[in-house]
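Participant: Can you look at this prediction? I've put the sequence above it.
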Amino acid sequence: MDIEYKFCFPNKWTFKMKPIYEFVMEEMKKAKKVLVPFAGVVRFDHSDITYIDIQDNLPKPYIKGDTMKILPKLIKKGEKYDLIVSDPPYSASRNVMLYKNQKYHEITLFRYYYHQLLEDNGIVLEFGFNSNGISEKKGYRKVKLLIVAVGGNHNDFLCLKQIKTQKSRFNTIQKNMKINKLMRFE
Ligand SMILES: C[S@@+](CC[C@H](N)C(=O)[O-])C[C@H]1O[C@@H](n2cnc3c(N)ncnc32)[C@H](O)[C@@H]1O
């Protein structure tokens, strides 16, 4: 796996951070059809991107709603993407503080949907305070990690690029998974 280390001041709109924007753009340039399930405010120069966000009054275009409810609808419609750019709130408490909403879901639940929406050899970019990503056992290969230090005693932002290999399988539906109470206030 390629590992890169950069510094940038933090921003609650992750893609406004230059090294992270560039990390995303590198993949956008190669992708045909892109899904951005936690869109926030940044819109990329690309002709086929589906943005989703739960907040009102964000820059258009975007589907307004809970990603957890919208992804199954996209699956039902048979949509497929070759790039998914996943930048969810990094914890339940940040979701309330920074984005003013309570609809926090475990990332593991989203990954199950990503798997169904992603073409073979498609790419998932995940952003957060850890680099767990989708398990290699499920056939996803971690190919690049960008570590962005943001100063002080803050967590680094970790940006992970993964490829869905042809061996990938993701049979478990984890819909019953509950949010661990301790995780809510990490
Ligand atoms: C870390 S920010 C992403 C910011 C974006 N990458 C940017 O740089 O502008 C997380 C985003 O997820 C949205 N969000 C949180 N929970 C959501 C949910 N259940 N469904 C859809 N969007 C959600 C928030 O409103 C927020 O815009």
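Facilitator: Alright, I've got the coordinates.
Participant: How about residues contacting stretch 29-36?
Facilitator: 28, 44, 46, 48-52, 74, 79-85, 87, 117, 123 (C-beta atoms under 8 Å, 6 or more residues apart in numbering). For glycine as for every other residue, the C-beta is placed from the backbone atoms N, C-alpha and C.
Participant: dump the residue contacts of the residue of the chain found nearest the ligand.
Facilitator: Nearest residue of the chain to the ligand, counting by C-beta to the nearest ligand atom: residue 40, 2.2 Å away. Residue 40 is in contact with 13-15, 53, 58, 87, counting by C-beta under 8 Å, 6+ apart.
Participant: average pLDDT for the host helix or strand of residue 84?
Facilitator: Using DSSP states H and E, residue 84 sits in strand 81-86. Averaged across strand 81-86, pLDDT comes to 98.
Participant: Export that strand to PDB, keeping only CA atoms.
Facilitator: Taking C-alpha atoms only, strand 81-86 is exported to PDB below (Å, rounded to 0.1, in the frame of the first residue of the first chain):
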ATOM      1  CA  TYR A  81     -20.900   3.300  -9.800                       C
ATOM      2  CA  ASP A  82     -17.200   3.000 -10.400                       C
ATOM      3  CA  LEU A  83     -16.200   5.400  -7.600                       C
ATOM      4  CA  ILE A  84     -17.800   5.900  -4.200                       C
ATOM      5  CA  VAL A  85     -16.500   8.800  -2.100                       C
ATOM      6  CA  SER A  86     -17.600   8.200   1.500                       C
END
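Participant: which helices and strands sit right next to that strand?
Facilitator: helix 18-28, strand 34-36, helix 107-117, strand 118-128 (3 or more C-beta pairs under 8 Å, 6 or more residues apart in numbering; DSSP states H and E).
Participant: lowest-confidence stretch among these?
Facilitator: Among the helices and strands packed on strand 81-86, helix 107-117 scores lowest, with a mean of 88.
Participant: Now do that one and strand 81-86, the angle between them.
Facilitator: Between helix 107-117 and strand 81-86, the angle comes out at 170 degrees (axes from the mean of the first three to the mean of the last three C-alpha atoms, to 10 degrees).
Participant: how about helix 107-117 against the ligand, any contact?
Facilitator: No: residues of helix 107-117 are not located near the ligand by C-beta under 6 Å from any ligand atom, the shortest gap being 9.1 Å.
Participant: Correct me if wrong: residue 145 contacts residue 5.
Facilitator: No: at 9.3 Å, residue 145 does not count as touching residue 5 under the criterion of C-beta atoms under 8 Å.
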